[in-house]
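Trainee: Return atomic coordinates for the entry below.
(one chain, ligands or ions: 1)
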Amino acid sequence: MSRALTEEIPAGPALRLLRDGLRGSAPQLRRAAAWSLLEAAPAAAAGAVVATALDRGFLAGDAGVGLAWLALLVVLYTLRALAERAVFGPLAETVEPLRDVLVRRVVHGSLHHAVHRTRLVDAAGVSRLTTQCDGVRGITGALLRTARPLVVTLFAASAGLAALEPVLAAIVMPPLVLSVGLFLLVMRSLLRRRLALLLAEEGLAATGGEVLTAGRDITALGAEERAQAEVAGAADAALRASVTVAWGEALRLPVLLLGGYLPMVALLLAGPSLVGQGTVTGGAMVGAVVYLTSYLIPALRMMTGTVAGYWCQMRVLLARLALATAVPSPPAAEPTAAAAPPDGHGLEVRELTFRYGPHADPVLRELDLRIPEGGHLAIVGPSGVGKSTLAGLLSGLERPGGGRVLLGGRPVTDLPEALRCRLVALVPQEAYVFPGTLRENLGYLVPGAEDARLERSVAAVGAQALVHRLGGLDAELADPAGELSGGERQLIALARVHASPALVVVLDEATSQLDMGAEALAERAFAERPGTLVVVAHRLSTAVRARRVLLLDGDRPVSGTHAELLGASPSYAALVGHWNAGAAQEPTVSRTGPAGRTADPAHA
Ligand SMILES: Nc1ncnc2c1ncn2[C@@H]1O[C@H](COP(=O)(O)OP(=O)(O)OP(=O)(O)O)[C@@H](O)[C@H]1O
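Mentor: As a prediction, this is how the structure comes out:
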């Protein structure tokens, strides 16, 4: 087995994931263990009961006594059936929370990778992972149903045999203990071989699937031989892995022979002379055989077969989940730097460079920009030039590839996340309104806020009519995406951020679905709110209202007031011309905007 393969299925994270998933289920597992003791009653007593039934009943010529003792077995098996039934409750209460923990990990990990773009996350991948969570739940349930009674049976039958006749236990136990030890030793290699087979089979299925779906392309490119070689290679690998597993499985035989059949032969060889000498009774001999054949040998067979198989599948699934959901632990912050709050809420961008992939062209290249505390900047530029990217960088959601983004003199991405989320709010174009009451939605960034504060923000951004129509702050939004228009959702998101304590607000086309009047009102509300405001402009009027405008235009970003840029930048003038042409469809844009606020070139 290759080293790479073993590394692909690390045990540590898989076992940690299982431990985390079972952490809250200790009481349920204790309850299941308690029922297991009752379940073990027949395994502990069967040999002794049979021995007594023989010695005192059937062999002593009193069949009634023998039958009475055998009736005790019926009682014990009935108790075991009741215990088996009762154990399902705690088992369900164990495996369901385990599944929930795993699904939460999947969601958390997927969101983390999607947000930080550290891994490609698609719906099919997430759904595959949640199916694997179900797999772990099922196998854990199966393991708890099989491995738990198996262990209990091994101990109970051994103890029963020792109590029945120590001489016979001395014959049976040493090879049995040796075989269990041997199995635990070979289990590791068996597990590795089964894991290798599973991976090889998956590899074969994946290669075969790819070749089948790309059949036309393969024919068009004349790549039949190569495709055939790839499938044949994967099939060979699966075949080799199967042979290795078969050899590994063969190890079960010596384990069974040593632990099960060798004691049986020893009992049969030693039995007649022991019985003849009167060292043991005939009933005890039969009782020992009952322990061995009815409990110990089946338990050994189960341990080396079914349980090992379940455990192997479980390890694979858990390892997959652990790898897929692992998120890097946040870098340790410098203690003093992390503690220092930013000095004010002005933004400064120094030689900022950003690209989405290591080999992609930079979206932003060595950009310099200053937005003083309380400043109001509009970002404009053609589609795809990097406006939203810059908005994400200013908010600290993206980490610069080169250069720095400083908030109050401190790199914005270095701020403790809770502080950054309190200080900076980004409102994207796609407003998110979640199912819940309007109050919960509006107060999401200020938990426990008084209604008056929320209502002030609602009024400021012009959402009163909407809130009134929905039925006030208590109104329940069951399906916001279905029952609210895009513009209405934007109004709620705007009011939510307006009510928040954020000192830096970045609106990324956050008013794009409002009409011009509503947009002007909302922007004025934010301009009048204390703090620094950055608006990615959807319309010319936004740029006109801002104190300063940044035009992103390829490698030559320029900034100034609207009037300055109109005179100095042909690109800006062209953009304005283009906007004006588009605005002819909409109500006229005045120089001061509907809110009557004149752009002030004197303030940056
Ligand atoms: N997650 C991403 N991965 C790779 N490339 C991206 C990603 N997001 C954006 N880009 C690319 O980066 C460039 C800038 O995108 P951005 O969304 O910042 O532009 P924009 O100016 O806001 O565009 P628009 O006005 O159309 O919203 C575009 O070429 C875009 O395709």
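Trainee: contacting residues for A391?
Mentor: Going by CB atoms under 8 Å, 6 or more residues apart in numbering, A391 touches 379, 426, 506, 508, 534, 536. C-beta: built from backbone N, CA, C; applies to glycine.
Trainee: Likewise for A326?
Mentor: A326 touches 13, 109, counting by CB under 8 Å, 6+ apart.
Trainee: Domain map for the protein?
Mentor: 13-165+315-326, 174-279, 339-430+502-522+530-583 (automatic domain parsing).
Trainee: pretty sure S25 is touching L98, no?
Mentor: Yes: in this structure, S25 is within contact of L98 by CB atoms under 8 Å, at 7.0 Å.
Trainee: which neighbours do those two share?
Mentor: With CB under 8 Å, 6+ apart, S25 and L98 have no common neighbours.
Trainee: ok, back up a step: pick out the most distant pair among the contacts of A391.
Mentor: Using CB to CB, the two most remote members of the contacts of A391 are I379 and L426, lying 12.6 Å apart.
Trainee: Count the neighbours of the nearest residue to R105 once chain neighbours are set aside for me.
Mentor: The shortest distance from R105 to any non-neighbouring residue, by CB to CB, 6 or more residues apart in numbering, is to T325 (4.3 Å). Neighbours of T325 under the rule other CB atoms under 10 Å: 22.
Trainee: do D217 as well
Mentor: 10.
Trainee: and the gap between the closest residue to it other than its chain neighbours and G233?
Mentor: In space, and not counting its chain neighbours, D217 is closest to A223: 7.9 Å by CB to CB, 6+ apart. Distance of A223 to G233, given as CB to CB, to the nearest Å: 14 Å.
Trainee: circling back to that earlier point, any idea which of the contacts of A391 is the one closest to the ligand?
Mentor: Nearest to the ligand out of the contacts of A391 is V536 (CB to the nearest ligand atom; 6.6 Å).
Trainee: Wait, that closest one touches L507, no?
Mentor: Yes: V536 is within contact range of L507, at 6.7 Å (criterion: CB under 8 Å).
Trainee: picking up where we left off before, please narrow the contacts of A391 to those residing in strands.
Mentor: 379, 426, 506, 508, 534, 536 (DSSP state E).
Trainee: which among those gets closest to G259?
Mentor: Taking CB to CB as the measure, G259 lies nearest L426 of the ones in strands among the contacts of A391, at 65.1 Å.
Trainee: What sits closest to the closest one if chain neighbours are left out?
Mentor: Nearest non-adjacent residue to L426, counting by CB to CB, 6+ apart: S395, 4.1 Å away.
Trainee: same question, D134
Mentor: R99 is the one closest to D134 (CB to CB, 6+ apart), at 6.6 Å.
Trainee: Distance from the helix or strand hosting that neighbour to the middle of the chain?
Mentor: Assigned by DSSP states H and E, R99 falls within helix 63-116. Averaging C-alpha positions (CA atoms, centre = their mean, to the nearest Å) puts helix 63-116 25 Å from its chain's average.
Trainee: Then stretch 258-270?
Mentor: Distance of stretch 258-270 from the chain centroid (CA atoms, centre = their mean) equals 50 Å.
Trainee: Can you give me the buried ones in that stretch?
Mentor: Using 16 or more other CB atoms under 10 Å as the test for burial, stretch 258-270 gives 258-260, 262-264, 267, 270.
Trainee: quick revisit: other SSEs contacting the next helix or strand after the helix holding R99?
Mentor: Downstream of helix 63-116, the first helix or strand assigned by DSSP H and E is helix 123-164. Here helix 123-164 touches helix 11-22, helix 26-39, helix 41-52, helix 63-116, helix 166-213, helix 282-290, helix 297-302, helix 308-325, going by 3 or more CB pairs under 8 Å, 6 or more residues apart in numbering; DSSP states H and E.
Trainee: Let's have the ones you listed in a markdown table, adding mean pLDDT and distance to H562.
Mentor: Formatted as a markdown table, the helices and strands packed on helix 123-164 follow (pLDDT from 0 to 100; distance: least, CB to CB, whole Å):
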| stretch | mean pLDDT | distance to H562 |
| --- | --- | --- |
| helix 11-22 | 86 | 55 |
| helix 26-39 | 91 | 66 |
| helix 41-52 | 95 | 87 |
| helix 63-116 | 90 | 34 |
| helix 166-213 | 88 | 54 |
| helix 282-290 | 96 | 96 |
| helix 297-302 | 92 | 80 |
| helix 308-325 | 82 | 49 |
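Trainee: okay, those in CSV with distance to P530 next?
Mentor: Formatted as CSV, the helices and strands packed on helix 123-164 follow (distance: least, CB to CB, whole Å):
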stretch, distance to P530
helix 11-22, 44
helix 26-39, 51
helix 41-52, 75
helix 63-116, 29
helix 166-213, 57
helix 282-290, 85
helix 297-302, 71
helix 308-325, 41
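Trainee: what about these, which gets the closest to A525?
Mentor: Using CB to CB, the nearest of the helices and strands packed on helix 123-164 to A525 is helix 63-116, at 28.5 Å.
Trainee: So which other helices or strands are in contact with that closest one?
Mentor: Looks like helix 63-116 contacts helix 11-22, helix 26-39, helix 41-52, helix 123-164, helix 308-325 (3+ CB pairs under 8 Å, 6+ apart).
Trainee: Figure out which of those helices is closest to A573.
Mentor: helix 123-164 (44.3 Å).
Trainee: Centre of the chain to the closest one, how far?
Mentor: Offset of helix 123-164 from its chain centre (CA atoms, centre = their mean): 23 Å.
Trainee: Give me the angle between it and helix 26-39.
Mentor: Interaxial angle, helix 123-164 versus helix 26-39 (axes from the mean of the first three to the mean of the last three CA atoms, to 10 degrees): 40 degrees.
Trainee: For the nearest residue to A32 once chain neighbours are set aside, list the residues it contacts.
Mentor: What sits nearest to A32 in space, not counting adjacent residues and going by CB to CB, 6+ apart, is P90, at 4.3 Å. Shown in contact with P90 (CB under 8 Å, 6+ apart): 28-29, 31-32, 35.
Trainee: of all the helices and strands packed on helix 63-116, which lies closest to the ligand?
Mentor: Comparing the helices and strands packed on helix 63-116 by their distance to the ligand (CB to the nearest ligand atom), the top pick is helix 123-164, with 16.6 Å.
Trainee: quick one: average pLDDT of that closest one?
Mentor: Taken as a whole, helix 123-164 carries a mean pLDDT of 90.
Trainee: quick check: angle from that helix to helix 282-290?
Mentor: Orientation check (the same axes, to 10 degrees): helix 123-164 against helix 282-290 gives 170 degrees.
Trainee: re the thing from before, pLDDT at the residue nearest to L426, what is it?
Mentor: We have a pLDDT of 94 for S395.
Trainee: what about it, how many residues close to it?
Mentor: 27.
Trainee: OK, contacts around it?
Mentor: Counted by CB under 8 Å, 6+ apart, S395 has contacts 412, 424-426, 504, 506.
Trainee: 6 Å instead, please
Mentor: Contacts here follow CB atoms under 6 Å, 6 or more residues apart in numbering; on that basis S395 touches 424, 426, 506.
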